[in-house]
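J.: Here is a sequence together with a model predicted from it:
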Amino acid sequence: MIVACDPSGERIVFLDNNLGEIGVWSFHDASQDHLLRTQPQLYQKVYPYAAYFLGNDTSYVLTHRQDKCRLEEFDNSSETPKFTYNIPQSLQSYSIYVDQAKKCLIPDKLNHRLVSVDKDSNIDEYKCKTIQEPYSMTFLSTGTLCVTDWNKSFGTSGGITVISEVNLKEKH
């Protein structure tokens, strides 16, 4: 199964191996439908920008609404939020990584940092000289963190910053 975020459609789409749609999670706020008909410019879309699925029927979805990020843990079987993480108000992100201990790592493009947050709302901030505007991230099989960054250090409009586990722990 393939999972794709569709921010403009306010949904997450589940696809089979032939890219046929087999399911949808909608984030559309039906309580605002009257605004869509009468004053569409006032409707406040919910943009699901990132989703992370764990093997235990739990998922994490990062959404934006009115330039504010929200991170929620979902029960996949009922598609209902189980927990809303307390994240920094000014955070702007389009990606998340969640480990087995339910600790979330979030690149914060606006504030030039990586943020980790756990269920107890303990927040750690990581700033590195090599990160300018972190956008997305992944871990290699070696454990090395790769961050897609908007830095222009190599004469391009973006690049990839590679950070080892040691660098994160030193909080550069």
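T.: In hand now; what should we look at? Residues are numbered from 1 along each chain as shown.
J.: alpha carbons only for contacts and neighbour counts from here, please
T.: Fine.
J.: can you list the weak-confidence ranges in this structure?
T.: Applying pLDDT under 70 to the chain picks out residues 151-160, 162-172.
J.: hmm, what's the outermost residue in it?
T.: Thr38 (31.7 Å; CA atoms, centre = their mean).
J.: Show me the strands in this structure, by range?
T.: Along the chain, counting by DSSP state E, strands occupy 2-6, 11-15, 21-26, 47-54, 58-65, 68-75, 80-84, 97-98, 104-108, 113-117, 123-126, 134-139, 145-149, 159-163.
J.: deepest of those strands, which one?
T.: strand 104-108 (a mean of 24; mean count of other CA atoms under 10 Å).
J.: That one to strand 113-117, inter-axis angle?
T.: 150 degrees (axes from the mean of the first three to the mean of the last three CA atoms, to 10 degrees).
J.: What pairs with strand 104-108, parallel or antiparallel?
T.: strand 97-98 (antiparallel), strand 113-117 (antiparallel) (DSSP bridges).
J.: Surely Thr148 touches Met137?
T.: Yes. Shown here, Thr148 and Met137 form a contact pair, counting by CA atoms under 8 Å, at 5.9 Å.
J.: Now the common contact residues for the two.
T.: Where contact means CA atoms under 8 Å, 6 or more residues apart in numbering, no residue is in contact with each of Thr148 and Met137.
J.: re earlier: and the residue farthest from the centre of the chain, what does it touch?
T.: For Thr38, the contact set (CA under 8 Å, 6+ apart) is empty.
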